[in-house]
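A.B. asks: The sequence isn't on hand, but the structure is:
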Ligand code: FE
């Protein structure tokens with residue numbers, strides 16, 4: 001279960017960094033997203049995906065405000081690569097797709113774009129802007145696209161200062177359960 005300890009120490013060492021352009025830390029953002037997933041009775045796989053969807057921000061060495069400097073850090077691909085071999089594709093794929101899911105929702109839901117935070121609107125353009133109809137159709141043909149959309153909505157809501165959540169210790173059991181199932 002080394003990866004669980006690695007993840008806990010990544011959050012301990014780098015989790016205080018601000019979540020790109022927002023007023024909360026990476027740790028609080030991750031814990032809020034996972035708590036929202038848990039409150040909606042999501043599966044352990046999706047709760048863990050919510051917790052770790054931005055792990056790519058913690059494992060790479062780009063500055064926190066990369067997107068303000070016009071750099072797309074591709075954190076969704078970094079996160080997928082980090083998670084896939086241990087947690088499997090039901091965790092890693094929604095993580096990879098959570099940025100595409102934003103582009104999808106901008107096209108599919110008229111109210112969505114207006115709800116995005118300012119930082120998220122800035123990065124949207126670096127990420128390619130709202131999907132075209134053809135891109136939406138393609139997205140809907142991907143495995144786990146619905147999970148990615150659910151994850152995205154928690155991601156967008158998980159930016160509130162001062163919300164009390166369980167600590168990362170609470171979510172370790174979900175990670176352990178997944179690893180045990182993968183390896184049994
Ligand atoms: Fe996020």
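C.D. replies: Perfect, I can see it now. All of these numbers come straight from a predicted model, not from anything done at the bench. Residues are numbered from 1 along each chain as shown.
A.B. asks: Tally up the residues packed near residue 158, please.
C.D. replies: 25 (other Cβ atoms under 10 Å). All C-beta spots, glycine's among them, are computed from the backbone N, C-alpha and C.
A.B. asks: just residue 8 next, same as before
C.D. replies: 17.
A.B. asks: Report the separation between it and residue 175.
C.D. replies: Using Cβ to Cβ, to the nearest Å, residue 8 is found at 9 Å from residue 175.
A.B. asks: go on, residue 98?
C.D. replies: The gap separating residue 98 from residue 175 is 18 Å, by Cβ to Cβ.
A.B. asks: Between the two, tell me which one has more neighbours.
C.D. replies: The neighbour comparison of residue 98 against residue 175 (other Cβ under 10 Å) goes to residue 98, with 27 against 23.
A.B. asks: So residue 91 sits against residue 178, correct?
C.D. replies: Yes: counting by Cβ atoms under 8 Å, residue 178 is a contact partner of residue 91 at 6.9 Å.
A.B. asks: overlap in contacts of these two?
C.D. replies: Counting by Cβ atoms under 8 Å, 6 or more residues apart in numbering, the shared contacts of residue 91 and residue 178 are 45, 48.
A.B. asks: distance of the most centrally placed residue in the chain from the ion?
C.D. replies: Nearest residue to the geometric centre of the chain (Cα atoms, centre = their mean): residue 53, 2.4 Å. With distances taken as Cβ to the ion, to the nearest Å, residue 53 is found 6 Å from the ion.
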